[in-house]
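Asker: build the 3D model from these lines:
(2 chains)
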Amino acid sequence: MSDAILSVEELQTHFFTRAGVLKAVDGVSFSVGKGRILGLVGESGSGKSVTGYSILRLVDAPGKIVGGRILLKGKDLAALDPEAMRRTRGAVVSMIFQDPMMTLNPVLKIGTQMVAAIKAHVKISTADARKQARDALALVGIPAPDERLDVYPHHLSGGMRQRVAIAIALLHKPAVIIADEPTTALDVSIQSQILAEVRRLADQTGTAFVWVTHDLSVVSSLADDIAVMYAGRIVESGETGAVLAHPKHPYTAGLMASVPSQAERGQKLVQIKGSTPSLAHLPEGCSFRPRCPRATDICKTMPALLPLGDTKVRCHHPIVEHAS
Amino acid sequence: MTKAMLSIDNAAKRFVTPASMGDRIAHALGGPDRTQTVHAVTDVTLTVAKGEVVGLVGESGCGKSTLGRMISGIYAPSSGAIALEGTPVAKMAGKRIQKLTTRVQMVHQDPFSSLDPRMRVANTVSEGPVHHQLVSAAGADDNVADMLVRVGLDASTRRRFPHQFSGGQRQRIAIARALAMQPDLLVLDEPVASLDVSIQAQVLNLFLDLRQQLGLTAVFISHDLGVVRHVSDRVAIMYLGRVVELADTVPLFDRPAHPYTRALLDSVPKLGAGRGAFSAVAGEIPSPLNPPPGCAFHPRCPFAGPRCSVERPILKAGDNTPGTVACHLYDGGT
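Answerer: Residues are numbered from 1 along each chain as shown, chains lettered A, B, ... in the order given. Presented below is the predicted three-dimensional model:
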């Protein structure tokens, strides 16, 4: 895609542990355009969060980005020195974490934290910074933003705190925001308020989002595109509607069938047998092979992520529909 | 209807936070009383028939977990009564309450904290039944093997410790531990909330299997409407400590009556709903410290009228409602 703001190419993030080299992210490529939302979906251990952290270069030892490029507006983040990366973080690309109680400082007022975040990147008077902070709070739909500047995080509900976290991420009008399971800890009625807000912000401000989540249902109404990860690799990607209407990878299909609302009430759910493999003992070839109902001998070699119809799939035996 | 296994009659649970020393002195000198009372569960009436699975649904702070703990005897109700096959739970003491606690077993949300990390699985599963003489010490090992196989684990894993299992397997162990007590009633508090989707499906399937084999009676607590719809016969929707709607699962999901139930169902993200399909309920859940007067949902309700902020609606059947509902819309208008 030529108009991509962020394109990740063959990203590899490995963890060097005593148990061996864990390839948490192993050759992940995707791109996101202006105002688009990419849903990065996977279960625990799939590498979805590490991919998000890698983009902001927030992976600590023993983890290390060992290969690939992270092109943000044409600049490779993976090659930046720490100081240049610090100036980029928060200004051009920012992050929203799962638990806003952990990311907001509990002993500082909301306004103080936001002003500090603004002044970290631009020379500006405190009064002007407060005005910007106030506008950011209003933008994410927080009622009475002037008063909210003077409260502490514990005064706010979980949903409000997450809105503040989103407002902070938006302060410098970044090109890209990485969101790591930001609504997982929230109740459904609050989650749907936040999702509607994020969709509106993406459309209005042109900010691109990478939305990391385990929940396929969330991305189905939020994201423009989907990339499904399994054991450090993207196994299927494409436009949201196309992927969900006809999942071609057996893992994507299995995940969708596992969601209870899809099944007949009281009937057994279609389950994926076994559990996610440990990164230390990945099976040879396709990582999904031991759990896959369609696996054959050829699956002992790693399939490539190839275009098939209007999506891309990494599978030797993709589910293709027969024309009726 | 078959005989009620569990009957809850107007049960309530209040948690009182005493005022600080300073506030108490101020109160004695004529200042305001700063004692805070959280009305976690208020006037819940519910019966569970033998062999029935009832789902308790609601968002955080609605009192569903507190109610679960009251049913299993962890909390005594502040008022009202909970009875198991006609025997009131609250009045029991000593040996009798012990006898009761063996009849109701609980499965908790997080299998990482509900299993003793230093105890081998065999001991975890056999400790209860051996202590209560449901199985002899000599037969304990066979019993453990039976239970593990029943929940889909290999009997040879019984010498292992919890950390050697994955999250889904640990939840199976927690279920095995509960079943080993041969309970009459199972209380499951968000049993699949901490599991990955594919593992969640495995545990739900196990629950459906066990239900069929053993004819389990259960209270299934979850915030996930899809999960509850899948496993329950009847569903109680809770909001701020009260049951606002109670009905058979299928009609409830087909034509929910209470505006909160409708809003909740609409908020759930659905696969294939299409891009941008959100319908958010306005506002937030009020604090149970100061529940709004009248109907607790009225500040967020699109249908609220003058009556709603004054008079509390009563849970009862209305015209064409799927079950009972606490809403003035079905009781003479708002």
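Asker: any idea how far the residue nearest to the spatial centre of chain B lies from chain A?
Answerer: When Cα atoms, centre = their mean is applied to chain B, the residue found nearest the centroid is B:Ile221 (3.4 Å). Between B:Ile221 and chain A the distance is 15 Å, computed by Cβ to the nearest Cβ, to the nearest Å. In this view, the C-beta of every residue, glycine as well, is placed from N, C-alpha and C.
Asker: swap in B:Gly305?
Answerer: Applying Cβ to the nearest Cβ to B:Gly305 and chain A gives a distance of 21 Å.
Asker: residues in contact with that residue?
Answerer: By Cβ atoms under 8 Å, 6 or more residues apart in numbering or on different chains, B:Gly305 lies in contact with B:328, B:333-334.
Asker: would you list the buried entries among those residues?
Answerer: For the contacts of B:Gly305, a burial check counting by 16 or more other Cβ atoms under 10 Å in any protein chain shown picks out B:328, B:334.
Asker: which ones among the contacts of B:Gly305 also lie next to chain A?
Answerer: On the criterion Cβ under 8 Å from any Cβ of the partner chain, none of the entries of these sits beside chain A.
Asker: just the contacts of B:Gly305: which has the poorest pLDDT?
Answerer: When the contacts of B:Gly305 are sorted by pLDDT, the bottom entry is B:Thr334 at 76.
Asker: which ones are touching that one?
Answerer: B:303-308, B:328.
Asker: among those residues, which pair sits farthest apart?
Answerer: Greatest spatial distance in those: B:Phe303 and B:Pro306, 12.0 Å, computed using Cβ to Cβ.
Asker: quick one, which of those two is more surrounded?
Answerer: B:Phe303 (14 against 11; other Cβ atoms under 10 Å in any protein chain shown).
Asker: got a pLDDT number for the nearest residue to the more buried one once chain neighbours are set aside?
Answerer: Leaving aside its sequence neighbours, B:Phe303 sits nearest to B:Pro259 (Cβ to Cβ, 6 or more residues apart in numbering or on different chains; 5.4 Å). With respect to pLDDT, B:Pro259 scores 93.
Asker: please, where are all the helices along chain A?
Answerer: A:48-55, A:82-88, A:100-103, A:110-119, A:126-139, A:145-148, A:158-170, A:188-205, A:216-222, A:240-245, A:250-258 (DSSP state H).
Asker: where among the ones you listed is the average confidence lowest?
Answerer: helix A:100-103 (a mean of 82).
Asker: hmm, who's touching that helix?
Answerer: A:97, A:153, A:158, A:161-162, A:164-165.
Asker: hang on, the earlier thing: make TSV from the helices of chain A and add distance to B:Ile74 and mean neighbour count to it.
Answerer: Shown next, in TSV, are the helices of chain A (distance: least, Cβ to Cβ, whole Å; neighbours: other Cβ atoms under 10 Å in any protein chain shown):
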stretch	distance to B:Ile74	mean neighbour count
helix A:48-55	35	24
helix A:82-88	50	13
helix A:100-103	26	16
helix A:110-119	37	20
helix A:126-139	41	17
helix A:145-148	38	17
helix A:158-170	25	24
helix A:188-205	27	20
helix A:216-222	33	24
helix A:240-245	42	19
helix A:250-258	32	22
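Asker: so which of the ones you listed is nearest B:Ala28?
Answerer: Closest to B:Ala28 of these is helix A:145-148 (Cβ to Cβ; 34.1 Å).
Asker: state the pLDDT value of the residue of the stretch 1-150 of chain A found nearest chain B.
Answerer: Chain B sits closest to A:Glu43 of the stretch 1-150 of chain A, with a gap of 4.0 Å, by Cβ to the nearest Cβ. A:Glu43 is assigned 87 on the pLDDT scale.
Asker: re earlier: out of the helices of chain A, the one nearest A:Val320 is which?
Answerer: helix A:250-258 (11.7 Å).
Asker: send the alpha carbons of that closest one over as CSV?
Answerer: Provided in CSV are the C-alpha atoms of helix A:250-258 (Å, rounded to 0.1, in the frame of the first residue of the first chain):
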residue,chain,number,x,y,z
PRO,A,250,-8.2,-23.2,10.0
TYR,A,251,-7.1,-21.3,13.1
THR,A,252,-9.1,-18.2,12.2
ALA,A,253,-12.1,-20.4,11.4
GLY,A,254,-11.6,-22.2,14.7
LEU,A,255,-11.4,-19.0,16.7
MET,A,256,-14.6,-17.7,15.2
ALA,A,257,-16.4,-21.0,15.9
SER,A,258,-15.2,-20.9,19.5
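Asker: contact residues of the stretch 201-324 of chain A facing chain B?
Answerer: Going by Cβ under 8 Å from any Cβ, the residues of the stretch 201-324 of chain A near chain B are A:214-218, A:220-224, A:240-241, A:244-245, A:254-263, A:265-266, A:268-272, A:275-276.
Asker: can you classify the residue in the stretch 1-150 of chain B positioned nearest to chain A as helix, strand or coil?
Answerer: The stretch 1-150 of chain B approaches chain A most closely through B:Glu59 (3.9 Å), counting by Cβ to the nearest Cβ. Of the three states, B:Glu59 takes coil under DSSP: H, G, I helix; E, B strand; the rest coil.
Asker: CSV for the contacts of helix A:100-103, including distance to B:Phe15?
Answerer: Below are the contacts of helix A:100-103 laid out as CSV (distance: Cβ to Cβ, whole Å):
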residue, distance to B:Phe15
A:Phe97, 31
A:Pro153, 24
A:Gly158, 20
A:Arg161, 24
A:Gln162, 27
A:Val164, 29
A:Ala165, 30
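Asker: restrict the residues you listed to contacts with chain B.
Answerer: Filtering the contacts of helix A:100-103 for proximity to chain B (criterion: Cβ under 8 Å from any Cβ) leaves A:Gly158.
Asker: and which of the contacts of helix A:100-103 is nearest chain B?
Answerer: Closest to chain B, out of all of the contacts of helix A:100-103 and judged by Cβ to the nearest Cβ, is A:Gly158, at 7.9 Å.
Asker: I'd say that closest one and A:Pro182 touch.
Answerer: No. Between A:Gly158 and A:Pro182 there is no contact under Cβ atoms under 8 Å: 11.0 Å.
Asker: any buried residues in the helix ranked longest in chain B, and which?
Answerer: Scanning chain B for the longest helix, with DSSP H as the assignment, gives helix B:197-214. The neighbour-count check on helix B:197-214 (16+ other Cβ under 10 Å) flags B:197-208, B:210-211 as buried.
Asker: burial count for A:Lys273?
Answerer: Other residues close to A:Lys273 by other Cβ under 10 Å number 11.
Asker: can you tell me the element B:Val130 falls in?
Answerer: helix B:121-131 (DSSP states H and E).
Asker: now do the buried residues in the following helix or strand past that helix.
Answerer: The first helix or strand that comes after helix B:121-131 along the chain, using DSSP H and E, is helix B:140-150. Neighbour-count burial for helix B:140-150 flags B:140, B:143-148, B:150 (criterion: 16+ other Cβ under 10 Å).
Asker: okay, who's weakest in these by pLDDT?
Answerer: B:Arg150 (87).
Asker: and it, what does it touch?
Answerer: By Cβ under 8 Å, 6+ apart, B:Arg150 lies in contact with B:176, B:179, B:210, B:213.
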